[in-house]
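Asks: just need the structure, nothing else, for what follows:
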Amino acid sequence: MKIKTITCHEVYNHGASLQEYALLTYLEQQGHTAETIHYKPHFLSNHFRLWYTNNPTFDKNIVLRLIYNTLKLPKRLIKRKRKKTFDVFSDKYIKTTAKVYKTNEDLKKDLPEADAYICGSDQIWNSFFENGKDPAFYLDFVPDTKLKLSYAASFAIDKLEEDIKPFVKEKISRLDHVAVRESSGKLILEELGFTNAHQVLDPVFLLDPNSWSKLEDGSKEDNKYIFIYDFDSNPLIKQMALKLKKENGWDIITVNELINYADKNYFLKGPDKFLSLIKNASFVISNSFHAVAFSIIFQKDFVVFNRSYKINTRMRDMLGSIGLEQLLILDKKMVQNHKTNAINFSEAQEKLDVLINSSKTYLNNALKQ
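Replies: A predicted model of the protein is given here:
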């Protein structure tokens, strides 16, 4: 079967790239021909642009805009190296349509040919961001005669705003099969009247650890280390990292640009380095869903913190589904009292295996129809 997927493509985020790769790879393993639609709406197209301002004050004055961009240029040129590493990864591992589409209407006018279409995974339905309001991420462009399904689509929030509910209900009602990533997402759908929605795991769990190890960059660190993946520069994460460093003599390594207390920072590196850093870490501290996911896949000792944005349901639901909710750190007391090497991965893996099998069954059965 020829399958086209749509997700947040080329957003230069490790988790987004790896979940996209995972779904395509699993579909290929099942004998399908799979390809991601190269969809680049305006709100996902400003990454690493050299001449770009998002400040109205500078936009209105050409002289101020020129000065602003000139001052920003040296740092932006350095950051372009990060873009290159991600682009190399995508070119090598993520099969994508040759044509680039910018709007839902573009997709309707020149429909990418396929037997079935899958929307997901990641936060494609998060209405806190623009992607959750874009009909393309609900497969609106696909005719009724074609098979349409979601796989592990995430709202990433507990509740929808009232004004977005009619839009979401209308778009999802056209899908032949619906599966979301979080239990909270399933509750949102039930409130909208969808009683036959499934809950499935993120695509990264469709591949086994050996499959992921093949993507590693192969580099090794000289010393044992804590891996930090922190989008908010959370002071509690810093406190815990420094505490563990003092107690164990571990280095601190990160891939986040603004973490200034790390011994090493690989911000300019791509998803292959991200995988290596998690797999070989002594301890992982993050507020990222996919850092949690790969810590579980590689059975690494880890904790997770809430994000400042309202998107914490992803981590909470994932941990709860396999009995590891105690790893969500909420305050200073939990930081101080946390015991390392206390995760019972055998029990967690038993629960995870059930969820993996259920997720594969949903996807395989939906495509058979």
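Asks: determine the three-state secondary structure at T5.
Replies: Reduced to three states with DSSP: H, G, I helix; E, B strand; the rest coil, the structure at T5 is strand.
Asks: what's the answer for the one 10 residues further on, then?
Replies: Under the three-state scheme (three-state DSSP), G15 adopts helix.
Asks: report pLDDT for it.
Replies: The score at G15 is 94. That number is its pLDDT.
Asks: that one contacts V292, correct?
Replies: No. Using Cβ atoms under 8 Å, G15 makes no contact with V292, being 9.6 Å away. To be clear about C-beta, it is placed using only N, CA and C from the backbone, and glycine gets the same treatment.
Asks: the more surrounded of the two?
Replies: Higher neighbour count among G15 and V292: V292, with 26 against 23, using other Cβ atoms under 10 Å.
Asks: give me the contact list for the strand or helix carrying the more buried one.
Replies: Here V292 sits within helix 289-297, counting by DSSP states H and E. Helix 289-297 is contacted from outside by 14-16, 18-19, 202, 204-205, 209, 212, 227, 229, 275, 278-279, 284, 286, 300-302, 304, 314-315, 318-319, 322, 324, 348, 352, using Cβ atoms under 8 Å, 6 or more residues apart in numbering.
Asks: those residues in strands, which ones?
Replies: 227, 229, 284, 286, 302, 304 (DSSP state E).
Asks: list the contacts for the second one?
Replies: The one in question is Y229. Here Y229 is in contact with 14, 254-256, 274, 284-288, 291 (Cβ under 8 Å, 6+ apart).
Asks: in this structure, which spans are helices?
Replies: Using DSSP state H, the helices found in the chain span residues 14-29, 56-59, 62-93, 104-109, 165-172, 183-191, 209-213, 235-248, 271-279, 289-297, 313-321, 332-337, 345-368.
Asks: quick check: which of those is buried the most?
Replies: helix 289-297 (a mean of 25; mean count of other Cβ atoms under 10 Å).
Asks: avg pLDDT for that helix?
Replies: Per-residue pLDDT values across helix 289-297 average out to 96.
Asks: between helix 271-279 and it, find me the angle.
Replies: 50 degrees (axes from the mean of the first three to the mean of the last three Cα atoms, to 10 degrees).
Asks: off-centre distance for helix 289-297?
Replies: 10 Å (Cα atoms, centre = their mean, to the nearest Å).
Asks: send the alpha carbons of it over as CSV?
Replies: Provided in CSV are the C-alpha atoms of helix 289-297 (Å, rounded to 0.1, in the frame of the first residue of the first chain):
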residue,chain,number,x,y,z
PHE,A,289,8.3,14.0,26.1
HIS,A,290,10.7,12.4,23.7
ALA,A,291,13.6,12.5,26.1
VAL,A,292,11.3,10.5,28.5
ALA,A,293,10.4,8.1,25.7
PHE,A,294,14.0,7.3,24.7
SER,A,295,15.0,7.0,28.4
ILE,A,296,12.3,4.4,28.7
ILE,A,297,13.3,2.6,25.4
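Asks: ok, D251 - contacts?
Replies: Contacts of D251 by Cβ under 8 Å, 6+ apart are 221, 223-226, 245, 263-264.
Asks: swap that for L215, please
Replies: 21, 93, 271-272, 275.
Asks: hmm, back to that, show me which of the contacts of Y229 are buried.
Replies: 14, 254-256, 274, 284-288, 291 (16 or more other Cβ atoms under 10 Å).
Asks: of the helices of the chain, which is nearest G120?
Replies: helix 14-29 (7.4 Å; Cβ to Cβ).
Asks: got the angle for the closest one vs helix 271-279?
Replies: 100 degrees.
Asks: how big is the angle separating helix 14-29 from helix 345-368?
Replies: Using the same axes, to 10 degrees: helix 14-29 against helix 345-368 is 60 degrees.
Asks: so that it lines up with my notes, have the first residue be 20 from now on.
Replies: Okay, using 20 as the starting number, the last item reads as helix 33-48.
Asks: by contact count, what packs against helix 33-48?
Replies: Helix 33-48 makes packing contacts with strand 21-25, strand 52-58, helix 81-112, helix 290-298, helix 308-316 when contacts are defined by 3 or more Cβ pairs under 8 Å, 6 or more residues apart in numbering; DSSP states H and E.
Asks: where does this structure dip in pLDDT?
Replies: 66-93, 95, 328-331 (pLDDT under 70).
Asks: change it to 80
Replies: Residue ranges of the chain with pLDDT under 80: 65-97, 327-333, 388.
Asks: hang on, the earlier thing: nearest to P162 among the contacts of L234?
Replies: Of these, the one sitting nearest to P162 (Cβ to Cβ) turns out to be Y40, at 27.9 Å.
Asks: tell me who's in contact with the closest one.
Replies: Y40 touches 112-113, 234, 290, counting by Cβ under 8 Å, 6+ apart.
Asks: and F324, by the same measure?
Replies: 249, 253, 255-256, 304-306, 347-348.
Asks: before we move on, what about F293?
Replies: By Cβ under 8 Å, 6+ apart, the neighbours of F293 are 33, 37, 248, 274.
Asks: how far away is the last one from T380?
Replies: Noted for V274: a distance of 34 Å to T380, by Cβ to Cβ, to the nearest Å.
Asks: V197 contacts K188, doesn't it?
Replies: No. At 11.5 Å, V197 does not count as touching K188 under the criterion of Cβ under 8 Å.
Asks: tally of neighbours for T55?
Replies: 23.
Asks: that'll do, ta.
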